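*Asks:* sequence below, structure please.
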Amino acid sequence: MKDKILEQLNAQFRDSIDSVNEYRGELTIVVRRSEIGRVCRFLRDDGELSFDSLRDLSGTDYYRPHDRFEIVYNLYSLKNYCRIRIKVRVDQTDLHVPSVTDLWPAANWLERETYDMFGIQFDGHPDLRRIYMPEEFEYHPLRKDFPLMGIPGSLTLPRK
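*Replies:* This next block holds a predicted model:
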């Protein structure tokens, strides 16, 4: 199945794929940010591949000078009993990624969570607002530069 996935993606999106890695039987494909919507739509709609389930979407902060963040999409094909991981790299100077909520409704919550915790903006998201932290909170707690003990006074906590 992995060969079929790579063959199909190379035929359709050769210039959109930055890298492919297989480790312990799991396939990871790094896609250019601007193409994530097209690639995901193809993976979902192709009759042979049929990646009809977005199992998870999350962010990762590598705290490096370029492409600091990655958005990770874990996709599953119910028809083929197959999973793949798609990644998109995001630079700190441009924290925008196209939303995939129109492809998988489950992305709604997951993109909001990633926005809240990392500050990644999902363009085209129908309701991009904070999900855990208050709207007025100006920080993103899962970034590696966020202090482990938090920022004193940044949240008003209820009295005991």
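*Asks:* hang on, Y132 in a helix?
*Replies:* No - counting by DSSP: H, G, I helix; E, B strand; the rest coil, Y132 falls outside a helix, being coil.
*Asks:* tell me who's in contact with it.
*Replies:* Shown in contact with Y132 (CB atoms under 8 Å, 6 or more residues apart in numbering): 113, 116-117. Yep, even glycine has a C-beta here, placed from its N, CA and C like the rest.
*Asks:* try 7 Å
*Replies:* Residues in contact with Y132 (CB atoms under 7 Å, 6 or more residues apart in numbering) are D116.
*Asks:* over to the one 3 residues further on?
*Replies:* Listed by CB under 7 Å, 6+ apart, the contact partners of E135 are R129.
*Asks:* just T114 next, same as before
*Replies:* Taking CB under 7 Å, 6+ apart, we find T114 in contact with 57-59, 71, 120.
*Asks:* which element is it on?
*Replies:* helix 107-118 (DSSP states H and E).
*Asks:* just the CA coordinates for that helix, please, in PDB.
*Replies:* This file holds the C-alpha atoms of helix 107-118, laid out as PDB (Å, rounded to 0.1, in the frame of the first residue of the first chain):
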ATOM      1  CA  ALA A 107     -10.200  19.200  12.200                       C
ATOM      2  CA  ASN A 108     -12.300  21.900  13.700                       C
ATOM      3  CA  TRP A 109     -11.500  21.100  17.300                       C
ATOM      4  CA  LEU A 110      -7.900  20.000  16.500                       C
ATOM      5  CA  GLU A 111      -7.000  23.100  14.700                       C
ATOM      6  CA  ARG A 112      -8.400  25.300  17.500                       C
ATOM      7  CA  GLU A 113      -6.400  23.400  20.000                       C
ATOM      8  CA  THR A 114      -3.200  23.800  17.900                       C
ATOM      9  CA  TYR A 115      -3.900  27.500  17.500                       C
ATOM     10  CA  ASP A 116      -4.400  27.900  21.200                       C
ATOM     11  CA  MET A 117      -1.300  26.100  22.300                       C
ATOM     12  CA  PHE A 118       1.100  27.100  19.500                       C
END
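*Asks:* please consider this matter closed, and thank you.
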